[in-house]
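In: Just need the structure, nothing else, for what follows:
(chains A and B)
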Amino acid sequence: MQSSFQLAFLIPLLPLIGFLINGLGRNQLSKQWSGLIGAGTIMGSFLVSLFIFQSVESGNTAVVSYFDFIRIEGLRIPFAFQIDALSSLFLLIITGIGFLIHVYSISYMHEESSSSFARYFSYLNLFVFSMLLLVLGSNYVVLFIGWEGVGLCSYLLIGFWFKNQVYTKAANKAFIMNRIGDLAFLLAIFWLIIKTGSASFQEVFEFVQGNQGTSKFTATDITVVSLLLFIGATGKSAQLPLYTWLPDAMAGPTPVSALIHAATMVTAGIYMIARSNIIYSLAPFTLTLISWVGLATALLAATIALRQYDIKKVLAYSTVSQLGFMFLALGSGAYVAAVFHVLTHAFFKALLFLGSGSVIHAMGGEQDIRKMGGLSGKLKITYVTFLIGCLAIAGLPPLSGFFSKDAILLSAFLHQPLQYGIALFTAFLTAFYMFRLLFLTFHGSFRGTAEQQAHLHESPALMTIPLIVLALLSVVGGWIGIPAVLMHEADWLGSFLAPVLSSSTHEVSHATEWMLMSLSVVGVLLTIGFAWFLFRNYRERESKGLLRFFEHKWYVDELYDRLIVKPIFYLGRLLKEWVEPRFIDALVNGVGKTVQLAGRQIRFLQSGQIGSYVLLMVLAMVTVLLVQFFIRK
Amino acid sequence: MNALLVSAILGVLLMLSSVFIKNKSYIHTLALAGLAGLFMLNLAELNGWLLFEIDLKGMLRFDRYALVMNAIMLASLFFYLLLSGRAMEKVGPHYADYLALLFFICAGLFMVTGYASLLILFLGIEVISIPLYILTGSDKRNLKSNEAALKYFLLGSFSTGLLLLGIAFFYGARGNFSATVSVDPTVVGSSLQLASLLLLLFAMSFKVSVAPFHFWTPDVYDGAPTVFTSFMATIVKVALFAAFVRLFEDTFSLQFSIWQPWVAGFVVLTLLIGNLTAVFQQSVKRMLAYSSIAQAGFMLLAVYAINGDSKEGLLLYAASYSLATIGIFAVLSHLQDYTFDGFNGLAKKQPVVAASLAIFFLSLAGIPLTGGFLAKLFMIKAALAYQPWLAIVAVIMAVVSVFYYFRVIQAMYFRSADDQEMMPEFPKSFPILLLVTALLVVLLGIFPETLLGLLYF
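Out: Numbering: from 1, shown residues only, chains lettered A, B, ... in the order given. Okay, the predicted model is just below:
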């Protein structure tokens, strides 16, 4: 085993230590120390991750086993880490971007009291710890521990300002939605353990490949397992029908949104499916379903984003939409493209969220873009970096988003031309709503109060430096996966991930590829121009018809409320007001009363008189002797 | 065997010590040291090492089971003396004599766990009973204590009569007193043999307070000084159960089909009466007396289902039940108010004591992670091998027991004391010792094999 791999345990351990110190010492630590510990531990993890990444790049992989987590008859689940191309790449994303977000948070959260400041950082560290466990685990069970951990931490952080009831409700929503997916995931794990007798990736995949189609692992098993895993992923990665928690998760502090949307949490579903790609490659039906669900989510979320006015909500729906793209890629069998988009999306989405945080900071907490406008003058760094983020997400060359999105579009084109068409349209929508956001926020004239205008200022260096770093990454991040048509043998990412991810090797002529690329670039440019024409000088207008439908998010929340929440409440009320008092209580109290009654009668046997005791004993003895001698004989 | 003689000698020594040693804490230390020595002797014998050897003429037989049982009793006695030793001083002026009697009883305990002849069984039971009559009445100024002693003596004599009669019939049927020699199948069904079997069943049931021979138990346990109730209800009872099991496993194994239904009936009756009556008690001490009857119902399952599970289960039961009950009584002897209200608000004032007590009660109720859970599990598993309905009754009654055990926990944690003056004061080391005892109970529930392993290596 590579010597640097022996340090792997440090990667999750450091944030865990940070969590413990900040969590337990929150009443003693000063803000400087909490921030230092919080960011420092992630920095440490990042450095170790770099080491490990280097080693993996030179061709080493390993499963590092620490101890047996569960050992019962016929089943052994070790607590072990899988170190290979996929996990090491995710380690870098999580710790690298996580570190920048921690640094940014030190400044963003400075108004909190030192105790809640430390609490914030302890949650943040725990969040990163859970996510690291998730990608490091060498079996589904360890992955599941991390999976639940990120669910818990998102709950804690979304409801960080727990005195506001709306926020705690959003936290509940996120948690419950996630739990629905988790249930399916758990079932999938049980199914795999029952069928294959193991939960570790290596053994499961070998078993599935070796026994697929036989009675040991039938086609039904493959379909069911892959479907259940996918349902689990829709919860964590905010896909239809479980996506509604993510936009509401904006209740948390803005850096938390950045963490959830870029480095942790939502990418977990993509990671899990990419990790299980061997199972998915055998399940064509599930793959088709995934691609359509991803596409539908991408389109739905993009249309909603068109008519949102909360700066973070627009970004949130854009995340849902981009995640839909990633699932489209997964469903088309282009796992590398999906992971590539995770990477580039992590850069520009973290950038956009932190940028929006900077805007909100400058506006004194205002999030409504109708009350902004013309901020480009006052917030120069924020503006430029935000612009880069928009260009990247819109997919203009040579920014990172272009390459990953192009890879997804190409795979969709090869897979199913209809899907390509819808995806391309969605990509145009993306450019449109992002530039609408940019123009409304930074261009035109200021529409807020005079007080807010006076307060406008660029954020401190602790916030702008992460922005600049992320902007740089958003520009260059895509250059690791340049398609062969543009530059020969420049697709570093594809060859790096090749040992882990199977890829479809469809050959496509260069002419077609050139055509697809230019089509999307021209379309995006036109869309941006259209947005400039519409929103350069914004005036508020009542939305009508379809737009109104979009503004109300397709009424999905209302639909869920009607179809699921209300009936459950109704059932609960029925049970509480009718079934419980009449049946359960009656039964329980009845048993209690019987016991009391019996006890009251039996108590009189204990009279305190020796004579009666002896009499009773003699009676008992005589009965036994008579029965024994005359009846049982 | 060594321990038997040494404990009798220690008893004599302690009796004499009151003449020479005036400081009671020295006497206490002496007793503890003696017990530790006995424990080491017993452990040595368990590993095949004897201090001196005596030809026992087939009257005593210390097999592994007896020795492990003795080890459990000695360890319980050690904790008993640690926790309650000083509370004995309050009973009366004859501190050293009480301790001496305890050591005499100890000799009797070893006799009943290791007897090979019914004569020794009889002797052992008497050696246990007579000092117990004295200890029950040791609080001479207290009328209740006097009354309890007299009741105990009268009823005890009655049962001794049954025991003797049973042994006499036994001799008549078999021509010897040997508890180990297997019976000639032709005499199995003879009337003398049957009568002796049933009489011994009644007598043993009386001694371990199994219904319908339990009537003495609540009155005696309630009237006796609390420290001695603790001793009677735990260590003595456990030893007598070991004798009970041995009698029916070895001596009457061939009549299994005859006595098993009767024992089943006694189990049900004991569980019902013990648990249902305990529900109604206002005094925790009296509740514990009934609870000891209820627990005896569970332990009787070991007699009912003579098999490997039940014998191991009895060991586990002996250890966890004794430790938990000793701990509870030790706290009780410091309280002024024996009602449930006496425990109000204990968790605030004495968190360690309250937490330990909670563990004890959880163990008695059979909640997982405690020794009591595994003990009940073993018993129910053993019973399941024969009669599912018996196991069902046992489980239901265990549920009922939760009611009265948890009342104390509820009082400690969810009520506040009306009168702060009534709060008990404990010696400084007491909470720590109690916590150690509680931890032992938990350890028994997690690593039972460390105890049960002693049986086999």
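
In: Helix or strand next in line after the helix-or-strand element of chain A with minimal mean pLDDT, which one?
Out: In chain A, no helix or strand scores lower on mean pLDDT, DSSP states H and E than helix A:545-551, which sits at a mean of 75. The helix or strand immediately downstream of helix A:545-551 is helix A:556-560, counting by DSSP states H and E.

In: now could you export just the CA positions of the helix or strand just after that following helix as CSV?
Out: Sequence order places helix A:566-574 as the next helix or strand after helix A:556-560, per DSSP H and E. Output of helix A:566-574 as CSV, limited to C-alpha atoms (Å, rounded to 0.1, in the frame of the first residue of the first chain):
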residue,chain,number,x,y,z
LYS,A,566,-53.1,16.8,4.3
PRO,A,567,-54.2,13.2,4.1
ILE,A,568,-51.5,12.1,6.5
PHE,A,569,-52.6,14.9,8.9
TYR,A,570,-56.1,13.7,8.5
LEU,A,571,-55.2,10.2,9.2
GLY,A,572,-53.2,11.3,12.3
ARG,A,573,-56.2,13.2,13.6
LEU,A,574,-58.4,10.2,13.1
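
In: Figure out how far helix A:566-574 is from the centre of its chain.
Out: Averaging C-alpha positions (C-alpha atoms, centre = their mean, to the nearest Å) puts helix A:566-574 30 Å from its chain's average.

In: helices and strands around whichever helix or strand comes after that helix, which ones?
Out: As assigned by DSSP H and E, the chain's next helix or strand after helix A:566-574 is helix A:585-603. Under the contact criterion of 3 or more C-beta pairs under 8 Å, 6 or more residues apart in numbering or on different chains; DSSP states H and E, helix A:585-603 touches helix B:256-279, helix B:388-414. (C-beta placed from N, C-alpha, C; glycine too.)

In: and the helix or strand following helix A:585-603, how far from the chain's centre?
Out: Sequence-wise, the next helix or strand downstream of helix A:585-603 (DSSP H and E) is helix A:610-626. Put simply, helix A:610-626 sits 74 Å off its chain's centre (C-alpha atoms, centre = their mean).

In: One more: stretch B:430-441?
Out: Per C-alpha atoms, centre = their mean, the centroid offset for stretch B:430-441 relative to its chain is 19 Å.

In: Restricting to C-alpha, output it in CSV.
Out: In CSV, the C-alpha atoms belonging to stretch B:430-441 read as follows (Å, rounded to 0.1, in the frame of the first residue of the first chain):
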residue,chain,number,x,y,z
PHE,B,430,-21.2,5.2,49.3
PRO,B,431,-22.3,6.6,45.9
ILE,B,432,-19.0,5.4,44.3
LEU,B,433,-19.5,1.9,45.7
LEU,B,434,-23.0,1.9,44.6
LEU,B,435,-22.0,3.0,41.1
VAL,B,436,-19.4,0.2,40.9
THR,B,437,-22.1,-2.3,41.9
ALA,B,438,-24.4,-0.9,39.2
LEU,B,439,-21.6,-1.1,36.6
LEU,B,440,-21.2,-4.7,37.5
VAL,B,441,-24.8,-5.3,36.8
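
In: what's next to it, contact-wise?
Out: Residues from elsewhere that reach stretch B:430-441, judged by C-beta atoms under 8 Å, 6 or more residues apart in numbering or on different chains: B:79, B:82-83, B:320, B:323-324, B:326-327, B:330-331, B:334, B:350, B:352-353, B:355-357, B:359-360, B:363, B:370-372.

In: List the residue ranges of the stretch 151-300 of chain B that fall below the pLDDT cut-off.
Out: B:181-189 (pLDDT under 70).

In: let's see 90
Out: B:172-194, B:211-212, B:249-258, B:276-277, B:279-282 (pLDDT under 90).

In: which bits of it sit near chain A?
Out: Proximity of the stretch 151-300 of chain B to chain A (C-beta under 8 Å from any C-beta of the partner chain) is limited to residues B:151, B:154-155, B:158, B:191, B:194-195, B:198, B:202, B:206, B:212-213, B:215-216, B:218-219, B:258, B:262, B:272-273, B:276-277, B:279-280.

In: What is the burial count for residue 98?
Out: The chain I'm using is chain A. 28 (other C-beta atoms under 10 Å in any protein chain shown).

In: The intended chain is chain B.
Out: The burial count for B:Tyr98: 24, using other C-beta under 10 Å.

In: Nearest residue to it in space, please, no chain neighbours.
Out: B:Met88 (5.4 Å; C-beta to C-beta, 6 or more residues apart in numbering or on different chains).

In: do the same with A:Ala431
Out: A:Ala394 (3.8 Å).

In: Now do the phi/psi pair for the one you found.
Out: phi -70, psi -20 (degrees, to the nearest 10).

In: neighbours of it, just the number please.
Out: For A:Ala394, using other C-beta under 10 Å, the count is 28.

In: isn't it right up against A:Tyr433?
Out: No: in this structure, A:Ala394 is not within contact of A:Tyr433 by C-beta atoms under 8 Å, at 9.8 Å.

In: rewinding a little: and the residue nearest to A:Ala431, what does it touch?
Out: A:401, A:427, A:430-431, A:434-435, A:524, A:527-528.

In: Next, check those residues against the strands and list the overlap.
Out: Using DSSP state E, no member of the contacts of A:Ala394 falls in strands.

In: Whichever of these end up buried, select them in ChimeraX.
Out: Selecting only the buried members of these in ChimeraX, with burial defined as 16 or more other C-beta atoms under 10 Å in any protein chain shown, works like this:
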select /A:401,427,430,431,434,435,524,527,528
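
In: what's the longest helix along chain A packed up against?
Out: What stands out as the longest helix in chain A, according to DSSP state H, is helix A:165-196. Judged by 3+ C-beta pairs under 8 Å, 6+ apart, helix A:165-196 is in contact with helix A:140-158, helix A:201-211, helix A:219-236, helix A:245-248.

In: And the contacts of whichever helix or strand comes after the shortest one?
Out: Proceeding C-terminally, helix A:245-248 gives way to helix A:254-258 as the next helix or strand, assigned by DSSP H and E. Outside helix A:254-258, the residues that touch it by C-beta under 8 Å, 6+ apart are A:97, A:101, A:104-105, A:108-109, A:124, A:157-158, A:160, A:249-250, A:312, A:315-316, A:349-350, A:353-354, A:356-357, A:360.

In: Please pick the buried ones from the contacts of stretch B:430-441.
Out: B:79, B:82-83, B:320, B:323-324, B:326-327, B:330-331, B:334, B:350, B:353, B:355-357, B:359-360, B:363, B:370-372.

In: so where's the stretch 301-450 of chain B shaky on pLDDT?
Out: Ranges of the stretch 301-450 of chain B meeting pLDDT under 90: B:305-313, B:333-351, B:368-369, B:381-388, B:400, B:403, B:415-429, B:445-450.

In: How about the residues of it by chain A?
Out: Near chain A, when you scan the stretch 301-450 of chain B using C-beta under 8 Å from any C-beta, you find B:400, B:403.
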